[in-house]
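In: Sequence plus the predicted model coming up.
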Amino acid sequence: MAEAPILSWEGLGLHQGSGWLFQDIDIHIAPRDRLALIGRNGAGKTTLLKLIADEVEADRGNRSIQPGTRVVMLEQEPDFSKCKTLMDYALSGKDAPERFAVEAIADQIGIDMEREAHSASGGERRRAALARALAMEPNLLLLDEPTNHLDLAAIDWLESWLNRYKGAFVTISHDRTFLKRLTRATFWLDRGSLRRKEVGFGGYEAWEEQVYAEEARAADKLDAKLKLEAHWLERGVTARRKRNQGRLEKLYDMRAQRAAMISPGGVAKMKLESDDVKTKSVIVAEKVSKSYGDRVILRDFSLRIQRGDRIGLVGSNGAGKTTLLNLLTGEIQPDTGKITLAKTLNGVMIDQQRSLLLPEKRVRDILAEGGDWIDVRGQRKHIQSYMKDFLFDPSLVDARVGTLSGGERSRLLLAREFSRTSNLLVLDEPTNDLDLETLDLLQEVIADYDGTVLIVSHDRDFLDRTVNVTLGLDGSGEVDIVAGGYADWEAKRKQRSTSASKSKSGSKGRETPPPQPPQKSKLTYKDQRDYELLPQKIEEMEAQIARGEEALSDPDLYSRDPKKFAHLTDAITKVREEKDAAEERWLALAEQVETADS
């Protein structure tokens, strides 16, 4: 028999602006629930958490809670403005935890609670907020982006704590790895309604696509074209997710090429002999060292970054990631050694500060300096069409930045910066405040970017999906250079630890068996026809897209005939999706042909 809920909302509704943010929602949370709360930016996820926590007053519905149940919410952006120290924040409020309990958590998570709040980093503030929330011994813990600003060691600690936790929790997070490891059920907030399914985040994407497919079939049966058109974003997300699976195959090829260039030791050395490699180099570090006082950041570090590389920098806070990033981009100089940057290098930096986004500015001010058109890497595009590329409702073109959610503001900054002409993109914790759909979009944009990308991130899944080389820093001055993403770096560390243990014990491990050659397969008649005919079809679709874009370049089209503009935009989007599918189909067939001929 199912346990009685410790907290429930029945018929919950909240009116916001000109309509209902959501209504007629039922929520039941059991004593040991581990719930992921999923939804697009702006869907109301944070607001829903605050309603559960009784921090926001609902317009409709009944909330019930078992006597003695303590509900604690970890906010995404806690207010430290009235606190002198981090401990002052932790002990503030009428339901403050005991000081000894805060100190015990703070010691485990590694934070000095006497640190002055105004000078504390984002990671230190996040740790302090965690220490306060966990020390309150909640029965129900509400977590809004708990891994934001945390380094890998702190994320590991939090995952371990939550695995041992006896109460229930609901979490909003963009960190797929975090969600997959911890959640056992999912709340999906979508278009004003809330669904629940007894699967953790690992099963969410399949569930989401199943729901959209069923809705699309129902809409077709009812001939409800307008209803189907309302789902342009959701259907685009599903198609994007599938395209990204194809892009992962290309990423694996890049990793294999890079693996051949990394020295056997894989520690701060990279082969430099090839003349072809040298001509493609954009950043070259040779025997670089950097220290601050007695603290060694880098020691004898060499690396050659090529055009098109996607480089991930990982490590705990304080390990030296920012220093290494600043060295590679020429912001600071090494103590010894040499760093050479290509003369044609033109970089764009997307950082965590979001300083460009003044709340009183409109979306069009940020993207197009107040106009209707934006230059996107040298090509002219209507602002509302470009907004759809970044998952915005085009009607938000005149919305004030201050009215956007944190995730929408992050997405707006990405849209602005990705429009600029550049050949080096530097992303510092780009996944903070982004929802899962935007992460899929960001993955796609990075994969299609023509230049080189440097990414500092603690998002393990995101790194696995985007980078072909990982630079792992442990604070000792040494740098692991690994072909692959975070999982590859983690596997290398475990392998090194295991090898060291075996070496000490004198035991010998078994050799890894050589990889098996791919099995040859013959094309079917249909496959052979597709293999022969698809290239011509792809060319025809490219020509169709070009004609559509030429028509959209008319500066008066949107004001003269907005319906035609919308029709052209949707038609181009559809043809692009068909072209992407055709390209992926042909590439798969070409690989099959190559395998069969080898």
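Out: Thanks, I have it.

In: CA atoms for contacts and neighbours, from now on please.
Out: Fine.

In: Averaged pLDDT, the top helix by length along the chain. What do you get?
Out: Longest helix of the chain, by residue count under DSSP state H: helix 562-597. What helix 562-597 shows for mean pLDDT is 75.

In: Report the distance from it to the chain centre.
Out: 25 Å (C-alpha atoms, centre = their mean, to the nearest Å).

In: Over to stretch 450-466?
Out: Worked out by C-alpha atoms, centre = their mean, stretch 450-466 lies 9 Å from the chain centre.

In: Contacts made by it with the rest, please.
Out: Outside stretch 450-466, the residues within contact range by C-alpha atoms under 8 Å, 6 or more residues apart in numbering are 150-152, 175-177, 248, 251, 306-315, 321, 325, 422-431, 439, 443, 446-447, 484-487.

In: Same question for stretch 82-102.
Out: Residues contacting stretch 82-102 (C-alpha under 8 Å, 6+ apart): 80, 112-118, 125, 128-129, 131-132, 135-136.

In: Stretch 35-50 now?
Out: Outside stretch 35-50, the residues that reach it (C-alpha under 8 Å, 6+ apart) are 21, 56, 73, 142, 144, 169-173, 179, 183-192, 200-201, 404-408, 434-437.

In: Can you select the buried ones from those residues in ChimeraX?
Out: The following ChimeraX line selects those of the contacts of stretch 35-50 that are buried, judged by 16 or more other C-alpha atoms under 10 Å:
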select :21,73,142,144,169,170,171,172,173,179,183,184,185,186,187,188,189,190,200,201,404,405,406,407,408,434,435,436,437
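
In: Which of the contacts of stretch 35-50 fall in helices?
Out: With helices taken from DSSP H, the overlap with those comprises 179, 406-408, 436-437.

In: can you redo these as a markdown table with distance to residue 385 and pLDDT?
Out: Listed next are the ones in helices among the contacts of stretch 35-50 as a markdown table, based on distance: C-alpha to C-alpha, whole Å; pLDDT from 0 to 100:
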| residue | distance to residue 385 | pLDDT |
| --- | --- | --- |
| 179 | 33 | 95 |
| 406 | 22 | 74 |
| 407 | 20 | 75 |
| 408 | 17 | 83 |
| 436 | 22 | 83 |
| 437 | 18 | 79 |
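
In: element containing residue 340?
Out: strand 336-341 (DSSP states H and E).

In: So for that strand, mean pLDDT?
Out: The predicted model assigns strand 336-341 a mean pLDDT of 94.

In: what bits of the stretch 101-250 of the chain have low per-residue confidence?
Out: Low-confidence segments of the stretch 101-250 of the chain (pLDDT under 70): 218-246.

In: the strands in it, which residues?
Out: Counting by DSSP state E, counting those that start in this stretch, the stretch 101-250 of the chain has strands at residues 140-144, 168-172, 185-190, 193-197.

In: As CSV, those strands with distance to residue 99 would be great.
Out: Output for the strands of the stretch 101-250 of the chain, formatted as CSV (distance: least, C-alpha to C-alpha, whole Å):
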stretch, distance to residue 99
strand 140-144, 19
strand 168-172, 23
strand 185-190, 34
strand 193-197, 38
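
In: So which of those is nearest residue 67?
Out: strand 140-144 (12.7 Å; C-alpha to C-alpha).

In: The closest one packs against which elements?
Out: With contacts taken as 3 or more C-alpha pairs under 8 Å, 6 or more residues apart in numbering; DSSP states H and E, strand 140-144 sits against helix 45-52, strand 71-74, strand 168-172.

In: Any chance of JSON lines for the ones you listed, columns distance to residue 287?
Out: Compiled in JSON lines, the helices and strands packed on strand 140-144 are given as follows (distance: least, C-alpha to C-alpha, whole Å):
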{"stretch": "helix 45-52", "distance to residue 287": "48"}
{"stretch": "strand 71-74", "distance to residue 287": "44"}
{"stretch": "strand 168-172", "distance to residue 287": "43"}
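
In: Just name the most buried of the ones you listed.
Out: Compared across the helices and strands packed on strand 140-144, strand 168-172 shows the largest average neighbour count, a mean of 24 (mean count of other C-alpha atoms under 10 Å).

In: export that strand as PDB, just CAs?
Out: This file holds the C-alpha atoms of strand 168-172, laid out as PDB (Å, rounded to 0.1, in the frame of the first residue of the first chain):
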ATOM      1  CA  ALA A 168      11.800  13.400   0.300                       C
ATOM      2  CA  PHE A 169      13.100  15.900  -2.200                       C
ATOM      3  CA  VAL A 170      12.000  17.700  -5.400                       C
ATOM      4  CA  THR A 171      14.800  19.200  -7.500                       C
ATOM      5  CA  ILE A 172      15.100  21.500 -10.500                       C
END
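
In: circling back: for the following helix or strand past the strand holding residue 340, packing partners?
Out: Next helix or strand after strand 336-341 toward the C-terminus (DSSP H and E): strand 347-350. If you count contacts as 3+ C-alpha pairs under 8 Å, 6+ apart, strand 347-350 packs onto helix 406-418, strand 424-428.

In: Just the contacts of stretch 450-466: which are in helices?
Out: When helices are assigned by DSSP H, the members of these inside them are 152, 176-177, 248, 251, 321, 325, 439, 443, 446-447, 486-487.

In: Please pick the buried ones from those residues.
Out: For the ones in helices among the contacts of stretch 450-466, a burial check counting by 16+ other C-alpha under 10 Å picks out 152, 248, 251, 321, 325, 439, 443, 446-447, 486.

In: Show me how the record splits this protein into domains.
Out: 7-200, 256-346+422-501, 519-597 (automatic domain parsing).

In: Can you measure across the first one, start residue to end residue?
Out: Right, the one you point to is domain 7-200. 20 Å (C-alpha to C-alpha, to the nearest Å).

In: now swap in stretch 101-120 and tell me
Out: Taking C-alpha to C-alpha, stretch 101-120 runs 21 Å from one end to the other.

In: Lowest average confidence across the helices and strands packed on strand 347-350, which one?
Out: Lowest mean pLDDT within those: helix 406-418, a mean of 84.

In: From the structure, what's the count of residues near residue 196?
Out: By other C-alpha atoms under 10 Å, 16 other residues sit near residue 196.
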